[in-house]
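Participant: Could you work out the structure for the sequence below:
(one chain, ligands or ions: 1)
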Amino acid sequence: MHTRYSDGSGATTDLVRAAAEVGLDYIIITDHMDLRALPEAGTYDTVHAIVGYEHNDRDSRNHYLALGIDQVLDPDLAPDRLPGEVKKLGGVGIVAHPEERRAHMRELPPYPWTAWNSTDFDALELWNQMSEWTEHLTRWNRYTRVWSPRKSLYGPSERILYLWDILNTRRPIAGVAGVDAHAFPYPLGPFKISIYPYKVHFRTLQTHLFFDSEPATDHAAFQAQLLQAFRDCRLYFTNERWGPTQGFRLWVESGKTVAGIGDSVPTGRNVRLLAQWPARARYEVVYNGFPMWRGEGHELAVNLHLPGVYRIALHRNGRVWLMTNHIRLVDA
Ligand SMILES: [Zn+2]
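Facilitator: Have a look, this model is predicted:
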């Protein structure tokens, strides 16, 4: 999300206040080519404010969220080399809105990722709230969309999900959702309103992380845990518009072993994937990019035999409610 150090409208404290009201544990601030918010990183009561930055190349393409580093890299750096440089500095990098497109509203140009030849990125932002909202915006619906911005979100595109699944058959790459919050005023006829005030943003797309140990209260230790969760793909993301997702669980049982999202499990005779969630939803278990099981209810249980990467997606009202990262089944 963005503060007024770049093109957002709020200060770090405004973001933290909105996050606390919605009950978020962490926010990640990524101003464009700017780390002035870094001294404001820290733990504010219940909210951890992590500060990284959004790297843009000279042509404004190839937006990359660099976390855990304390310098802004050269904008002339070839985008193919950017993920490697962030990694070398001990950081974690997320490809931002990788396939941003515009069918309408040509005056708001898209900023897709083009450096697919790079191999060191840690995560793809599969779902970007501002990108999707802007993509569906037309000259005709712009007046109604602004009043119900959360309803216009369907989910990540099939194309980017498929690419993500295929890349994951090679190496773990996390898939995340981002709000890309700016809370910028949008000129609408004679009025200016904020489409997504920070608070509305925060009640929509959320990325939920699993830590190996209790979340630290110390900021640096918390940030280290958070970066590791991204590296290990221990996460899922939700659109909270379709209901709270507390109580969601996905795990694999294999003999006495229990594994979770991000883990690798050896193939065997009795490997079961199980999940449960708090409200009736349509589910899909996706294997190597292919939807192998589908159904509806509050839970699922299937037997896994084939090595590869598995994840699940839940839909409500025809929209994505929750999507997990992968659990991998590896040759024993
Ligand atoms: Zn961007």
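
Participant: Chain neighbours aside, what residue packs nearest to the closest residue to the ion within the chain?
Facilitator: Of all residues in the chain, the one sitting closest to the ion is H63 (3.5 Å; CB to the ion). Every C-beta, even on glycine, is put in place using the N, C-alpha and C of the backbone. Spatially, and ignoring its direct neighbours in sequence, H63 is nearest to A96 (3.9 Å; CB to CB, 6 or more residues apart in numbering).

Participant: hang on, Y310 packs against Y287?
Facilitator: Yes - with contact defined as CB atoms under 8 Å, Y310 counts as touching Y287 (5.5 Å).

Participant: Could you check the lengthiest strand in the chain and say which residues are buried?
Facilitator: In the chain, with assignment by DSSP state E, the single longest strand is strand 271-287. Under the neighbour-count criterion of 16 or more other CB atoms under 10 Å, strand 271-287 has V271, L273, A275, W277, A281, Y283, E284, V285, V286, Y287 buried.

Participant: What is it packed up against?
Facilitator: Under the contact definition 3 or more CB pairs under 8 Å, 6 or more residues apart in numbering; DSSP states H and E, strand 271-287 sits against strand 249-254, strand 290-304, strand 308-316, strand 319-324.

Participant: now those as CSV including mean pLDDT?
Facilitator: Shown next, in CSV, are those (pLDDT from 0 to 100):
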stretch, mean pLDDT
strand 249-254, 96
strand 290-304, 98
strand 308-316, 98
strand 319-324, 96
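
Participant: closest to G262 out of those?
Facilitator: Across the helices and strands packed on strand 271-287, G262 has its closest neighbour in strand 319-324 (9.4 Å, CB to CB).

Participant: Could you identify the helix or strand that succeeds that closest one?
Facilitator: From strand 319-324 onward toward the C-terminus, using DSSP states H and E, the following helix or strand is strand 327-330.

Participant: and that following strand, how far out from the chain's middle?
Facilitator: 21 Å (CA atoms, centre = their mean, to the nearest Å).

Participant: Listing partners with orientation, what would you give for that strand?
Facilitator: Strand pairing for strand 327-330, determined by DSSP bridges: strand 264-266 (parallel), strand 308-316 (antiparallel).

Participant: could the helices and strands packed on strand 271-287 go into CSV alongside distance to K87?
Facilitator: As requested, the helices and strands packed on strand 271-287 are exported to CSV (distance: least, CB to CB, whole Å):
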stretch, distance to K87
strand 249-254, 28
strand 290-304, 31
strand 308-316, 22
strand 319-324, 24
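
Participant: TSV please, covering these and showing mean neighbour count.
Facilitator: Shown next, in TSV, are these (neighbours: other CB atoms under 10 Å):
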stretch	mean neighbour count
strand 249-254	18
strand 290-304	13
strand 308-316	22
strand 319-324	22
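
Participant: R280 reaches H298, doesn't it?
Facilitator: Yes - using CB under 8 Å, R280 is in contact with H298, at 6.1 Å.
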